[in-house]
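Student: For reference, the sequence and a predicted model appear below.
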Amino acid sequence: MVQEKPAFKISILASGSSGNSLYLESEKKRLLVDAGLSGKKITSLMAQIDRKPEDLDGILVTHEHRDHIHGVGVLARKYHLDVYANEKTWEAMSPLIGNVPVEQKHLFEMGKVQTFGDVDIESFGVSHDAAAPQFYRIYKENRSFVMLTDTGYCSDYMRGIIENADGYLMESNHDLEMLRMGSYPWNLKQRILGDRGHLSNEDGALVMTDVIGNRTKRIYLGHLSKENNLKELAHLTMENILKEKDFGVGSDFDVYDTDPDQATELFSI
């Protein structure tokens with residue numbers, strides 16, 4: 001059987017409450033989505049997959065929280081990278097990332113599709129306590145990869161946009177009991193649990209039961225809370241809920257962990 005050529009490659013460089021960044025590589029483009037760690041840390045994470053920031057073409061931003069933009073300004077200035085975000089995110093982010101030359105600043109409005117070389121990327125709004133948070137579905141030919149973290153819930157509209165992708169980065173932020181019993185102040189717990197907070201392990205798994213399709217091969221669990229979650233718990237919850245709904249975990253598709261300090265292998269979509 002002839003092996004299909006990959007449409008693009010991805011590594012989740014870091015995912016978690018302390019910093020988030022995803023690397024996307026096609027034949028014509030190399031992009032980051034978010035750069036929520038120091039420039040030095042992102043450089044070392046890219047080195048884990050044998051890549052260098054000087055080869056990047058640009059950075060797409062989801063929203064202005066520090067764990068998504070910490071290294072954006074530094075990398076943009078040092079490597080002359082184009083940066084893409086919607087107008088409200090630019091307004092909120094600009095004071096936080098320092099000066100970015102005007103010719104490197106680009107708009108990527110919510111609900112639009114933009115072409116980057118040989119890849120199309122669709123933006124869609126999420127429910128989070130930021131100015132105008134948006135995440136992305138990456139397309140090339142008949143393949144796609146969805147990123148969805150930092151949302152308090154997933155509407156039917158969002159489910160329609162993200163269904164039947166080849167791969168997912170899906171939020172599994174917290175275990176409900178760990179969060180409720182943990183040391184966070186009540187107002188922070190309320191924020192995380194609210195409609196503009198984060199998806200729990202169970203929430204993320206239930207979203208996946210609605211959107212998995214016959215193309216789906218990889219599910220990565222993202223944005224785990226250091227204080228209110230465990231990798232093993234997130235993984236078990238996702239697999240158990242999918243198995244309860246008779247999905248072929250381990251045969252039709254696999255579930256993978258991410259890490260705040262360790263890049264995933266560079267995988268093909």
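Tutor: Thanks, I have the structure now.
Student: Next secondary structure element downstream of the helix or strand harbouring residue 44?
Tutor: For residue 44, the host element (DSSP states H and E) is helix 39-48. Downstream of helix 39-48, the next assigned helix or strand under DSSP H and E is strand 58-60.
Student: I figured residue 100 hits residue 82, correct?
Tutor: No - checked against CB atoms under 8 Å, the pair residue 100 and residue 82 is beyond contact range at 9.5 Å. Every residue, glycine included, has its C-beta placed from N, CA and C.
Student: Where does the residue lying closest to residue 238 once chain neighbours are set aside sit: helix, strand or coil?
Tutor: Leaving aside its sequence neighbours, residue 238 sits nearest to residue 205 (CB to CB, 6 or more residues apart in numbering; 4.6 Å). Three-state assignment for residue 205 (DSSP: H, G, I helix; E, B strand; the rest coil): helix.
Student: Give me the number of neighbouring residues for residue 205.
Tutor: A total of 25 residues lie near residue 205 under the criterion other CB atoms under 10 Å.
Student: how far away is it from residue 172?
Tutor: 8 Å (CB to CB, to the nearest Å).
Student: Name the residues contacting each of those two.
Tutor: 237-238 (CB atoms under 8 Å, 6 or more residues apart in numbering).
Student: thinking again about what came up before, mind listing what the residue nearest to residue 238 touches?
Tutor: Contacts for residue 205 (CB under 8 Å, 6+ apart) come out as 172, 237-238, 240-242.
Student: hmm, which of those are the buried ones?
Tutor: Buried members of the contacts of residue 205, counted by 16 or more other CB atoms under 10 Å: 172, 237-238, 241-242.
Student: Nearest to residue 189 among the residues you listed?
Tutor: residue 172 (17.3 Å; CB to CB).
Student: From residue 55, how far out is the closest one?
Tutor: For residue 172, the distance to residue 55 - CB to CB - is 31 Å.
Student: Give the buried residues for stretch 154-163.
Tutor: So, applying 16+ other CB under 10 Å, buried residues of stretch 154-163: 154, 158, 161-162.
Student: again with stretch 4-14
Tutor: Buried, per 16+ other CB under 10 Å, within stretch 4-14: 6-14.
Student: what's the most distant pair in those residues?
Tutor: 7 and 14 (23.4 Å).
Student: Okay, strands next: where are they in this protein?
Tutor: All strands of the chain, identified by DSSP state E, fall at 9-14, 21-25, 30-33, 58-60, 82-85, 105-107, 113-116, 119-125, 134-140, 143-148, 167-171, 218-222, 254-257, 267-268.
Student: Tell me which of the buried ones among the contacts of residue 205 fall in helices.
Tutor: Counted as lying in helices by DSSP state H, out of the buried ones among the contacts of residue 205, are 237-238, 241-242.
Student: Fine by me, we can end here.
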